[in-house]
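A.B. asks: Return atomic coordinates for the entry below.
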Amino acid sequence: MTVHDIRAFNRFYTNVIGALDYSRHLYAPYTLTESRVLYELAHSPRTDAADLRAELSLDAGYLSRILNKFEQDGLIERTASRQDPRRRRVTLTARGRETGKLLEERATESVGSLLSAVPADERPRLAEAMTTVRTILSHSRPPRREDVLLREPGPGDLGWIVQRNAALYAAEYGFDADYEGLVARIVADFAQDHDPRLERVWIAELDGRPVGCVMVVRDEAPATARLRLLLVEPDARGLGIGDRLVAAVVDFARGAGYRDLVLWTNDILASARRVYQRHGFVLAAEKPHRSFGKDLNGQDWRLDLHGTQE
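C.D. replies: Alright, predicted model coming up:
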């Protein structure tokens, strides 16, 4: 392989995905770089300007011009960080979230259209080739936080949530089949009847495979959402995936107009509990119970969505 081969492939691929005229390609007034910044603001828990600059390897002046444009368009708000007043926290407005969602939908449609032209029996070979390119050019480095994608579930993902919850909780905590039944009912209820404006599932994806999930649904209490089924695969832990998933739920619930966000867990889930605490959840009640073949201590946690904004 020569430098010419790689450059030729780059020219071919950027033309295929419309990278050189991204705004016209997606019928939107934003370039590929601007769309990527908007994507990071919608999916990353680290939204200080300095974090964005480092994560995307952007020049400070260039990023500042992009953020100025977003602010003029009413997509973002910039405030001083409570943790460090010298840093600027960037958050999406309601209009920004809608714009980001629209861009993501159009990008998904565009890639889906591209993939539809690939015969079904060729798709596994294409996926394998893309994974090979990423693996070789990354010099087999360990995965990074920015390699993780948060996305909506596709075909088969809801079944994966049930299977992985059952398998992991059996392996790590000795839960019996009753837990699989509970997860299956939760997932089935969501699949059969949910309001996408108020309820949502996220899948964390790494190198083309699901490695985590979380769900938010309406609770029986008024103006209250419930976080459910947070899970991160063992080999993907340490990348901040749990934090990103919980942050996504908190931001969504706040944007959807909920007043409170609640969850039920057991005290043996120490890692998950620390994630909840970092996001401002407080223990509301706890009670011993016998479930899933184990003696457990159940805990109810609550987050006041209007009293915890940074």
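
A.B. asks: Quick check on Leu235: phi, psi?
C.D. replies: Actually, residue 235 is Asp. It isn't Leu. phi -80, psi 0 (degrees, to the nearest 10).

A.B. asks: which SS state does the nearest residue to it once chain neighbours are set aside fall under?
C.D. replies: With sequence-adjacent residues excluded and distances taken as C-beta to C-beta, 6 or more residues apart in numbering, Asp235 is closest to Val211, at 7.6 Å. In this view, the C-beta of every residue, glycine as well, is placed from N, C-alpha and C. Three-state assignment for Val211 (DSSP: H, G, I helix; E, B strand; the rest coil): strand.

A.B. asks: and Val211, how many neighbours?
C.D. replies: 22 (other C-beta atoms under 10 Å).

A.B. asks: wouldn't it be in contact with Gly242 here?
C.D. replies: No. Applying C-beta atoms under 8 Å, one finds Val211 not in contact with Gly242, separated by 10.8 Å.

A.B. asks: how about the helices of the stretch 201-310 of the chain, start to end?
C.D. replies: Taking DSSP state H, counting those that start in this stretch as the criterion, the stretch 201-310 of the chain contains helices spanning 241-255, 270-278.

A.B. asks: Can you tell me which of the ones you listed is packed in deepest?
C.D. replies: Highest mean neighbour count among the helices of the stretch 201-310 of the chain (mean count of other C-beta atoms under 10 Å): helix 241-255, with a mean of 21.

A.B. asks: what bits of this protein have low per-residue confidence?
C.D. replies: 1, 23, 25-27, 44-47, 82-84, 139-141, 308-310 (pLDDT under 70).

A.B. asks: Would you mind pulling up the elements that the helix or strand that contains Arg36 packs against?
C.D. replies: Following DSSP states H and E, one finds Arg36 within helix 32-43. Judged by 3 or more C-beta pairs under 8 Å, 6 or more residues apart in numbering; DSSP states H and E, helix 32-43 is in contact with helix 49-56, helix 60-72, strand 88-92, helix 94-116.

A.B. asks: Return the set of buried residues in the very next helix or strand once past the second one.
C.D. replies: Right, the one you point to is helix 60-72. Next along the chain after helix 60-72, taking DSSP H and E as the criterion, comes strand 76-80. Buried residues in strand 76-80, counted by 16 or more other C-beta atoms under 10 Å: Ile76.

A.B. asks: hmm, who's touching strand 76-80?
C.D. replies: 41, 49, 67, 70-71, 87-93, 96 (C-beta atoms under 8 Å, 6 or more residues apart in numbering).
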